[in-house]
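1. Sequence first, predicted model second:
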Amino acid sequence: EEQADKHRSRELRYTQKESYKWSLSAHNAKVHLSGCAALTYVFDREADRFEVLRDIAQIPQTDFVIRLQENRMVHHQGDCQRIHHFLTHQPLQGEYELEIKGLNHWIRGGRARKRRKARRSTMELRWLGLDQIEVPSGFRSPDPTPPPLPGPLYCVEAKERAQDVPAG
């Protein structure tokens, strides 16, 4: 049933989809905060949809930070690859220490228990500038050939240092 709902949602217009809430909230914030010289929107992984990226990138005097969910095809210095490929090949550009909280709770729906010991870890930083984000294959748009999302766009990765991750 969940799979059928997923396929049905592909047939909906963007403004009828749940992900439209991210664009709508960005546009509403811009209207209500019209006196601001610039706005920066911060969204979770759920907002990592091409329609959302394209829509909020067109709002003037705004920046956005979106936690990456999709391993998109992107252009960087004339090459087109998946974003994780580029990040994997970026040099380490910084590090910082982070206290990671312990966990002991049921995950959504009560299906399993999530446990993690508290620890201190080193986070590694990598980043790169993107020339553009490709239109995903299978993307449906009223435009016959929707254009890619042009840059400059920047991708930042903060990842726990591999040797700090405990087994399991």
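-> It's in.
2. what are the ranges of the strands in the protein?
-> Along the chain, the stretches classed as strands by DSSP state E are 39-43, 62-66, 73-76, 79-82, 94-100, 103-106, 113-116, 119-133, 149-160.
3. For those, please prepare CSV with the additional fields distance to residue 139, mean neighbour count and mean pLDDT.
-> For every residue, glycine as well, the C-beta is placed using N, CA and C. Shown next, in CSV, are the strands of the chain (distance: least, Cβ to Cβ, whole Å; neighbours: other Cβ atoms under 10 Å; pLDDT from 0 to 100):
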stretch, distance to residue 139, mean neighbour count, mean pLDDT
strand 39-43, 19, 14, 92
strand 62-66, 17, 16, 89
strand 73-76, 11, 20, 92
strand 79-82, 16, 13, 93
strand 94-100, 34, 11, 96
strand 103-106, 36, 10, 82
strand 113-116, 34, 11, 82
strand 119-133, 11, 15, 94
strand 149-160, 11, 14, 90
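4. can you redo these as TSV with distance to residue 166?
-> Output for those, formatted as TSV (distance: least, Cβ to Cβ, whole Å):
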stretch	distance to residue 166
strand 39-43	29
strand 62-66	29
strand 73-76	32
strand 79-82	28
strand 94-100	10
strand 103-106	13
strand 113-116	8
strand 119-133	7
strand 149-160	10
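5. Which of those strands sits closest to residue 22?
-> For residue 22, the closest of the strands of the chain is strand 39-43, at 5.6 Å, according to Cβ to Cβ.
6. The lengthiest helix in the chain - contacts with which helices or strands?
-> Secondary structure assigned by DSSP state H gives helix 20-32 as the longest helix of the chain. Secondary-structure packing of helix 20-32 (3 or more Cβ pairs under 8 Å, 6 or more residues apart in numbering; DSSP states H and E): strand 39-43, helix 50-57, strand 62-66.
7. Tabulate those (TSV), appending distance to residue 160.
-> Below are these laid out as TSV (distance: least, Cβ to Cβ, whole Å):
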stretch	distance to residue 160
strand 39-43	21
helix 50-57	26
strand 62-66	19
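8. quick one: the most centrally placed residue in the chain and residue 53, what's the gap?
-> For the chain, residue 68 is the residue whose C-alpha lies nearest the centre (Cα atoms, centre = their mean; 2.6 Å). Look at residue 68 and residue 53: by Cβ to Cβ, to the nearest Å, they are 11 Å apart.
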